[in-house]
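Peer 1: sequence below, structure please.
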Amino acid sequence: MRRIGADPVELVAHRRLGAPVMVDNLTVWPVLTDQPLEIGEFLTLKEAQERGQAKVLEVGAEEGQDRASVGTLQVRNEGELPILIPAGTIVKGGKQDRQIGQDLVVRPKSQVPVEAFCVEAGRWTANRAGVQTKGEFKAHGMLALSSVRSSGQYAKNQGEVWAQVSRANYCMSKSPGTSTLLATLEDDDERAKSYRKAVREAVSAHFAAQAEGIGAQGWVTVGLAYAIDGAPQTVRVFAHPDLLKRQLPSYLRTISFEVDVAQRAVLLGCGRIVKEPAKAQAVLKLVREIEAAKQETAAIGTHNRNRYRRAKAGGNSRCELLHEGRWVPVSEDWTVSSAPVEGAAPAQGNDQQLQQQQGWPSYRNDVGPEREQRQERR
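Peer 2: Numbering: from 1, shown residues only. Predicted structure coming up:
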């Protein structure tokens with residue numbers, strides 16, 4: 001881990017990038033604000049389900065009717081607190097695993113339809129691995145990889161979502177019978193798990209250290225930006241530090257997997273590892289190019305809306321809530337456009353066969369000399 005001293009970089013009004021940390025080919029910046037918005041407590045979907053206060057259902061499942069639709073799910077909040085669900089949230093079950101396609105807030109005692117994209121192309125049945133789902137889903141506690149998420153959230157392209165899922169599974173040497181992204185996100189190789197945990201802990205420690213210094217200056221951390229191999233991927237901010245605190249674990253789990261996938265792709269001869277820290281100006285350039293695009297508005301019920309910008313460089317989503325008579329931002333995202341996968345090759349054979357075919361192990365041992373030696377051998 002390398003903590004990199006740097007002056008804050010203004011991102012948008014009242015938002016700036018703090019000093020970054022670098023972990024191997026990952027650079028992460030805390031996003032700071034001097035104007036946090038106090039809009040109350042929000043649960044994550046996983047928290048609400050663990051409390052027995054939320055359900056995610058196929059359309060018609062509650063009435064015992066088979067009206068399931070790939071692109072729409074129902075989310076019901078039976079609790080007393082609102083639920084904030086970021087785009088890319090993975091839900092497991094139903095007739096096929098899905099990712100939520102938009103940021104949304106589900107108010108207490110309400111049910112809303114939500115856009116969704118399939119991340120399991122080979123199943124359309126309520127039987128998942130021998131277990132009847134009854135049309136219900138459980139939040140996985142992770143988001144889809146950014147390339148998978150943006151293909152749905154901004155490109156609205158189910159085919160590209162499947163292609164990006166296929167690419168991730170191929171890089172991770174996974175060949176699930178139903179082509180589910182969960183094969184990658186539930187990878188249980190012990191050394192890989194240990195590495196991903198170390199990535200998460202390094203970023204968390206840096207954020208904690210940063211918080212001690214910036215608090216006295218009137219700034220607080222409300223988000224993060226990250227780059228892999230020098231290329232900015234996503235900037236994500238929330239209205240208040242408490243919202244970030246609840247959502248951060250799922251983002252860090254996802255980011256650690258993205259780093260793992262990127263490094264395994266290099267071992268397959270795709271791309272290269274960039275050892276130098278990414279530039280804050282590259283993040284700023286991405287945000288500015290997206291901000292120049294025309295903004296559109298999509299309502300989610302009467303108290304929630306998303307404002308979108310879509311540009312060649314990427315997309316922006318600003319989730320707003322009607323709070324005390326005015327629209328206030330709850331969360332906002334800028335994500336780079338995913339590179340289209342041409343002729344994406346699904347993994348063939350089992351994990352061991354793929355290792356033998358491609359000449360790389362089922363884990364990336366470390367990211368130091370051993371990896372460099374493997375790259376040199378290629």
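Peer 1: which parts of the protein are helices?
Peer 2: 45-50, 146-153, 158-171, 182-185, 190-214, 241-267, 280-291, 351-358, 369-377 (DSSP state H).
Peer 1: for the fifth one, buried residues please.
Peer 2: Put plainly, it is helix 190-214. Neighbour-count burial for helix 190-214, counted by 16 or more other C-beta atoms under 10 Å, picks out 192, 195-196, 198-200, 202-203, 206-207, 210-211, 214. Using the backbone N, CA and C atoms, a C-beta is placed for each residue, glycine as well.
Peer 1: farthest-apart pair in those residues, please.
Peer 2: Farthest-apart pair in the buried residues of helix 190-214 is Ala192 and Ile214; separation 33.2 Å (C-beta to C-beta).
Peer 1: wouldn't Val59 be in contact with Leu73 here?
Peer 2: Yes - with contact defined as C-beta atoms under 8 Å, Val59 reaches Leu73; the gap is 7.1 Å.
Peer 1: one step back: most tightly packed of the helices of the chain?
Peer 2: Among the helices of the chain, the stretch with the highest mean neighbour count (mean count of other C-beta atoms under 10 Å) is helix 146-153, at a mean of 27.
Peer 1: give me the helices and strands touching that helix, please.
Peer 2: If you count contacts as 3 or more C-beta pairs under 8 Å, 6 or more residues apart in numbering; DSSP states H and E, helix 146-153 packs onto strand 98-100, helix 158-171, strand 314-323, strand 326-336.
Peer 1: residues in contact with that helix?
Peer 2: 87-88, 99, 101-102, 117, 119, 143-144, 157-158, 160-161, 163-165, 167-168, 181, 233-234, 254, 258, 314-315, 317, 333, 335-339 (C-beta atoms under 8 Å, 6 or more residues apart in numbering).
Peer 1: for it, the averaged confidence score.
Peer 2: In this model, helix 146-153 has a mean pLDDT of 97.
Peer 1: stretch 242-254 now?
Peer 2: pLDDT averaged over stretch 242-254 gives 97.
Peer 1: what of stretch 199-218?
Peer 2: 85.
Peer 1: just confirm Ala239 contacts Trp327, I think it does.
Peer 2: No - with contact defined as C-beta under 8 Å, Ala239 does not reach Trp327; the gap is 11.9 Å.
Peer 1: more neighbours: these two, which one.
Peer 2: Using other C-beta atoms under 10 Å as the criterion, Ala239 and Trp327 rank with Ala239 on top: 27 against 15.
Peer 1: list the contacts of the more buried one.
Peer 2: Ala239 sits in contact with Pro36, Leu37, Ile39, Val222, Val328, Pro329, Val330, Ser331, where contact means C-beta under 8 Å, 6+ apart.
Peer 1: turn those residues into JSON lines, including neighbour count.
Peer 2: Formatted as JSON lines, the contacts of Ala239 follow (neighbours: other C-beta atoms under 10 Å):
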{"residue": "Pro36", "neighbour count": "19"}
{"residue": "Leu37", "neighbour count": "16"}
{"residue": "Ile39", "neighbour count": "19"}
{"residue": "Val222", "neighbour count": "26"}
{"residue": "Val328", "neighbour count": "12"}
{"residue": "Pro329", "neighbour count": "16"}
{"residue": "Val330", "neighbour count": "24"}
{"residue": "Ser331", "neighbour count": "27"}
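Peer 1: closest one to Thr125 out of the residues you listed, please.
Peer 2: For those, the nearest to Thr125 is Ser331 (33.7 Å; C-beta to C-beta).
Peer 1: how much space between the closest one and Arg307?
Peer 2: Applying C-beta to C-beta, to the nearest Å, the value for Ser331 to Arg307 is 11 Å.
Peer 1: what touches both of those two?
Peer 2: Common neighbours of Ser331 and Arg307 (C-beta under 8 Å, 6+ apart) are Arg318.
Peer 1: rewinding a little: shared neighbours of Val59 and Leu73, anything?
Peer 2: Pro113.
Peer 1: the two: which has the busier surroundings?
Peer 2: Neighbours per residue, other C-beta under 10 Å: of Val59 and Leu73, the larger number sits with Leu73, 24 against 18.
Peer 1: do you know how far the residue lying closest to Thr234 once chain neighbours are set aside is from Leu37?
Peer 2: For Thr234, ignoring the flanking residues on the chain, the nearest one in space by C-beta to C-beta, 6 or more residues apart in numbering is Thr335 at 4.6 Å. Remark: distance between Thr335 and Leu37 (C-beta to C-beta) = 22 Å.
Peer 1: what of Gln217?
Peer 2: Applying C-beta to C-beta to Gln217 and Leu37 gives a distance of 19 Å.
Peer 1: likewise Ala262?
Peer 2: Per C-beta to C-beta, Ala262 is found 34 Å from Leu37.
Peer 1: who's the residue most central in space within the chain bridged to?
Peer 2: By C-alpha atoms, centre = their mean, the chain has its centre lying nearest to Leu143, at 3.7 Å. In this entry, Leu143 is beta-bridged to Thr89, by DSSP bridges.
Peer 1: what's near enough to touch it?
Peer 2: Pro86, Ala87, Gly88, Thr89, Ile90, Gln99, Arg149, Ser250, Tyr251, Thr254.
Peer 1: what about the third one, distance to Phe257?
Peer 2: Looking back up the chat, that one is Gly88. 12 Å.
Peer 1: next one: the fourth one
Peer 2: Distance, Thr89 to Phe257, using C-beta to C-beta: 15 Å.
Peer 1: try the second one
Peer 2: Spatial separation of Ala87 from Phe257 under the definition C-beta to C-beta is 17 Å.
Peer 1: could you do Val119 as well?
Peer 2: Note on Val119: its distance to Phe257, by C-beta to C-beta, is 13 Å.
Peer 1: between those two, which contacts overlap?
Peer 2: In contact with both Val119 and Phe257: no residue, using C-beta under 8 Å, 6+ apart.
Peer 1: quick one: average pLDDT of stretch 130-139?
Peer 2: 95.
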